[in-house]
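Visitor: Requesting a structural model of the entry that follows:
(chains A and B)
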Amino acid sequence: MNNAAGTATQKRREGSSPLLKRLRGLTTVLLSIIATLVGLLFITFLIGRVMPIDPVLAIVGERASKEVYDAAYLSLGLDKPLIVQFGVFLQQVFTGDFGISRLTARPVSDDIIRVFPATLELASVATVFGVLFGVPMGVIAAVHQGKWQDQLIRLFGLFGYSMPIFWLGLMGLLIFYGILGWVGGPGRLDVFYDDLVPVITGMILVDSLIAGEIDIFWNAVSHIILPASLLGYYSLAYISRMTRSFMLEQLTQEYIITARVKGLSEHAVIWRHALGNVMIPLITVIALSYANLLEGSVLTEVIFAWPGLGQYLTTALLSADMNAVMGGTVVVGLIFIGLNLFSDFLYKVVDPRAR
Amino acid sequence: MTDNTNHSPPVTVLSSLQAWLTTETPQSRFQAKMTQLYRGWQSLRSNPLALVGFLILVTLILVAIFAPLLATHGPSEQNLAMRLAPPGSEGYLLGSDEFGRDIWSRIVFGSRITLMIVVLVACTAPVFGLLVGTVAGYLGGWPDMVLMRITDIFLAFPRLVLALAFVAALGAGIENAILAISLTAWPPYARIARAETLTIRNADYISAIQLQGAGSLRIITGHIWPMCMSSIIVRVTLDMAGIILTAAGLGFLGLGAQPPMPEWGAMISAGRKFLLDHWWVATMPGLAIFIVSLGFNLLGDGLRDILDPKGEQS
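Guide: Residues are numbered from 1 along each chain as shown, chains lettered A, B, ... in the order given. Down below sits the predicted model:
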């Protein structure tokens, strides 16, 4: 923030109106974030209210007497106007209270904290895959624009966009687990390794290393590799496409010609000079694809019996566990907004031209 | 593509038709439209991948129309004696499922459901997005702020999660799945339409029509909408693959089309139980989904090159 202060003083010397403009801009951004947040919560709240489930019955049970039912009805505040109920809901959400899950009989917030690391672990490994393969593929496609390499990579990416991830997951399980036996099956670990590692971060890959359990670590790797690489295929398709278009833009710039005239090797021109300048927009793309993985992970988690947020949400949906559904949806939405904001912010901080 | 079906007439008629189609000075609005279409078709023809996509989609439509002729069995016709027959068994081209229903016939009839989903979503979400985006962009001021804020809120959810939540609220079923997908699919169109409107709004021809006394409604529907069409069409084509995948995902989770319906996602879900021993039950409908959404992606990719060459970023 030093930087911002510096610019501010500089601006002040020029006159106070640019500073005011900046402040106003900042306020607008903050207000729009708050409006988006409240809107997101309102939609979730409405979805929860129109769900064809009676929240009172869910608590008191089918055979409760009229008095018990009415008491619960009043205690839930369901007699109040919708807008007041929404106020109460907002208050609960901001204190991190999503109520009790009917399915697990535990607070929804505890459940989410318990399942979230699994999703984070999966999405992170998948993103590593996507970046590791996607960026070089995008660069190669841009360098050989229009040639067979470009077409091949384009087709490979389009294949990724076109395959239903749950089907790809099933096929992966069939081939690499069922027939070849190269990877661990569904779940995060083999059954006999379950609950052996103390939970610290909730991410088994990290926890097993902290505990020094190398066997468990490799077992976890064999389980995560298939779902993570399939999920990574999706972000790869997106990342390589964006890398290609950013690179094409850079390769026509004059500094590239200068670098070539200077006699730099083609390798240095492409991988150091051009790619270096692509990095900034690329970071935002990676952040966005990280957010999108949350979506892909819903189906992947179901296929691979991966006990993460996506599976929690779908189980809750199918068993009409309203509090869990609302809590899960809010959390996913929040992460999504957060990552979007983060990528915006990063863009502005790292790239002076975007300020 | 009406212009290209005239193969049979003599050469002179054909060449005069071509001259009519390639003229620089069209005599009527109809001719201008046709020359534009013809040029589009020519660039499509020069892009083999897009052409493949186009052919896949034409095949999908033909299969859906002629489903009863192509299917060898009824989509729900059971034959328990032939349950889980492998592909290539007599009368069962792609094998049969756990009730002895012919998978090929079910896929053929399932193409109707896929096409219905695609058409219904394509008729609702882009239209609504176009309306919101152009109104916001043209009017500016507070309507713009309110409408775009609402758009941002919907964009803030991952699509599948929002669709899941909507379906949970509305109840499972194919109609509600389509509704939920439409509800989640419109915001990107609103964004695109608004961006286009902002660049068009201050054009001279808009000022001219304003001076002639045209109202906002007339300007938006008659003069701004046509200008937004090309980018919306590209986006719709590219989006369709995602919509098919979302619909299949909902079907797979049991929230979309319900069991006896031969919906491809639901068929995969049913085949999941026999995956290791009877792989074809889950594999075949997945291949169908893959081919169709690849078709949309290939065509959309090609259309993007044709209609707006520099818009790499969506």
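Visitor: So which residues of chain A form strands?
Guide: Taking DSSP state E, chain A contains no strands at all.
Visitor: gap between A:Val139 and A:Tyr255?
Guide: 17 Å (Cβ to Cβ, to the nearest Å). For glycine as for every other residue, the C-beta is placed from the backbone atoms N, C-alpha and C.
Visitor: So the two - more neighbours on which side?
Guide: A:Val139 (22 against 12; other Cβ atoms under 10 Å in any protein chain shown).
Visitor: Spit out the contact partners of residue 119.
Guide: All of this refers to chain A. By Cβ atoms under 8 Å, 6 or more residues apart in numbering or on different chains, A:Thr119 lies in contact with A:294, A:297, A:301, A:306, A:308-310.
Visitor: which element is B:Tyr38 on?
Guide: helix B:29-45 (DSSP states H and E).
Visitor: Check which helices and strands that helix sits against.
Guide: helix B:11-22, helix B:48-65, helix B:280-307 (3 or more Cβ pairs under 8 Å, 6 or more residues apart in numbering or on different chains; DSSP states H and E).
Visitor: Report the closest residue of the stretch 1-150 of chain A relative to chain B.
Guide: A:Gly39 (3.5 Å; Cβ to the nearest Cβ).
Visitor: can you pull the contacts of the closest residue in space to that residue that isn't next to it in sequence?
Guide: Excluding the flanking residues, the one nearest A:Gly39 by Cβ to Cβ, 6 or more residues apart in numbering or on different chains is B:Ile153, at 3.5 Å. Neighbour list for B:Ile153: A:35-36, A:39-40, A:43 [criterion: Cβ under 8 Å, 6+ apart].
Visitor: B:Gly74 now?
Guide: B:Gly74 neighbours (Cβ under 8 Å, 6+ apart): B:Ser105.
Visitor: Now do it, the pLDDT please.
Guide: We have a pLDDT of 79 for B:Gly74.
Visitor: Tell me the spacing between it and B:Phe66.
Guide: Counting by Cβ to Cβ, the gap from B:Gly74 to B:Phe66 is 15 Å.
Visitor: Then B:Phe99?
Guide: Taking Cβ to Cβ, one finds B:Phe99 at 25 Å from B:Phe66.
Visitor: more neighbours, those two?
Guide: B:Phe99 (15 against 11).
Visitor: End to end on stretch A:158-177, go ahead and measure it.
Guide: 26 Å (Cα to Cα, to the nearest Å).
Visitor: try stretch A:182-195
Guide: 24 Å.
Visitor: quick one: contacts of that stretch?
Guide: So stretch A:182-195 is contacted by A:118, A:173, A:176-177, A:204, A:215-216, A:219-220, A:222-226, A:303-307 (Cβ under 8 Å, 6+ apart).
Visitor: near chain B, which of those show up?
Guide: Applying Cβ under 8 Å from any Cβ of the partner chain to the contacts of stretch A:182-195, one finds that A:Leu173 fall near chain B.
Visitor: Which of the contacts of stretch A:182-195 fall in helices?
Guide: Counting by DSSP state H, the part of the contacts of stretch A:182-195 found in helices is A:118, A:204, A:215-216, A:219-220, A:222-226, A:303.
Visitor: Adding neighbour count and pLDDT, write the residues you listed out as CSV.
Guide: As requested, the ones in helices among the contacts of stretch A:182-195 are exported to CSV (neighbours: other Cβ atoms under 10 Å in any protein chain shown; pLDDT from 0 to 100):
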residue, neighbour count, pLDDT
A:Ala118, 23, 88
A:Ile204, 24, 79
A:Asp215, 10, 82
A:Ile216, 21, 83
A:Asn219, 19, 85
A:Ala220, 25, 85
A:Ser222, 16, 86
A:His223, 25, 87
A:Ile224, 25, 89
A:Ile225, 16, 89
A:Leu226, 23, 90
A:Ile303, 22, 87
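Visitor: Show me the two of these that sit farthest apart.
Guide: The span of the ones in helices among the contacts of stretch A:182-195, defined through Cβ to Cβ, is set by A:Asp215 and A:Ile303 at 25.7 Å.
Visitor: returning to that earlier point: report the separation between the residue nearest to A:Gly39 and A:Thr36.
Guide: Taken as Cβ to Cβ, the span from B:Ile153 to A:Thr36 is 5 Å.
Visitor: one step back: relative to chain A, which of the helices and strands packed on helix B:29-45 is closest?
Guide: Of the helices and strands packed on helix B:29-45, nearest to chain A by Cβ to the nearest Cβ is helix B:280-307, at 3.4 Å.
Visitor: Run the angle between the closest one and helix B:29-45 for me.
Guide: With axes from the mean of the first three to the mean of the last three Cα atoms, to 10 degrees applied, the angle from helix B:280-307 to helix B:29-45 works out at 120 degrees.
Visitor: relative orientation of helix B:280-307 and helix B:48-65 in degrees?
Guide: Going by the same axes, to 10 degrees, helix B:280-307 makes 130 degrees with helix B:48-65.
Visitor: Which residues of the stretch 51-200 of chain A lie near chain B?
Guide: A:51-52, A:151, A:154-155, A:158-159, A:161-168, A:170-171, A:173-174, A:178.
Visitor: Show the buried residues in the residues you listed.
Guide: A:51, A:154, A:158, A:161-168, A:170-171, A:173-174, A:178 (16 or more other Cβ atoms under 10 Å in any protein chain shown).
Visitor: okay, who's weakest in those by pLDDT?
Guide: A:Met51 (68).
Visitor: and B:Ile174, how many neighbours does it have?
Guide: If we define neighbours as other Cβ under 10 Å, then B:Ile174 has 21 of them.
Visitor: doesn't B:Pro262 make contact with it?
Guide: No: the pair B:Ile174 / B:Pro262 is not scored as a contact, 11.5 Å apart, by Cβ atoms under 8 Å.
Visitor: Let me see the contact set for residue 173.
Guide: In the absence of a named chain, chain A is used. Counted by Cβ under 8 Å, 6+ apart, A:Leu173 has contacts A:185-186, A:226, A:303-304, B:275.
Visitor: meant chain B, my bad for not saying
Guide: Contacts of B:Gly173 (Cβ under 8 Å, 6+ apart): B:256-258.
Visitor: ok, now with 6 Å
Guide: With Cβ atoms under 6 Å, 6 or more residues apart in numbering or on different chains as the criterion, no residue contacts B:Gly173.
Visitor: so what pLDDT did it get?
Guide: For B:Gly173, the pLDDT comes out at 84.
Visitor: Give me the distance between it and A:Ala72.
Guide: For B:Gly173 relative to A:Ala72 (Cβ to Cβ), the value is 30 Å.
Visitor: now A:Leu339
Guide: 38 Å.
Visitor: How about A:Arg106?
Guide: 20 Å.
Visitor: neighbour count winner among these two?
Guide: A:Ala72 (18 against 12).
Visitor: neighbours around A:Leu78, how many?
Guide: A:Leu78 has 14 neighbours, counted by other Cβ under 10 Å.
Visitor: For A:Leu264, grab the count of nearby residues.
Guide: 15.
Visitor: Please disregard the earlier target; I meant A:Ile283.
Guide: 16.
Visitor: Quickly note the distance from the nearest residue to it once chain neighbours are set aside to A:Met242.
Guide: Sequence neighbours aside, A:Leu346 is the residue nearest to A:Ile283 in space, at 5.7 Å (criterion: Cβ to Cβ, 6+ apart). According to Cβ to Cβ, A:Leu346 and A:Met242 sit 15 Å apart.
Visitor: Compare neighbour counts for these two and give me the winner.
Guide: A:Met242 (24 against 16).
Visitor: ok, now which ones touch that one?
Guide: Contacts for A:Met242 (Cβ under 6 Å, 6+ apart) come out as A:Val285.
Visitor: Can you pull up the most central residue in chain B?
Guide: Per Cα atoms, centre = their mean, the C-alpha nearest to the average position across chain B is that of B:Met240, at 3.6 Å.
Visitor: Assign that residue to helix, strand or coil.
Guide: Recorded secondary structure, B:Met240: helix (DSSP: H, G, I helix; E, B strand; the rest coil).
Visitor: Surely it and B:Leu120 touch.
Guide: No: here B:Met240 does not reach B:Leu120: they are 11.6 Å apart, not a contact under Cβ atoms under 6 Å.
Visitor: Cool, thanks, talk later.
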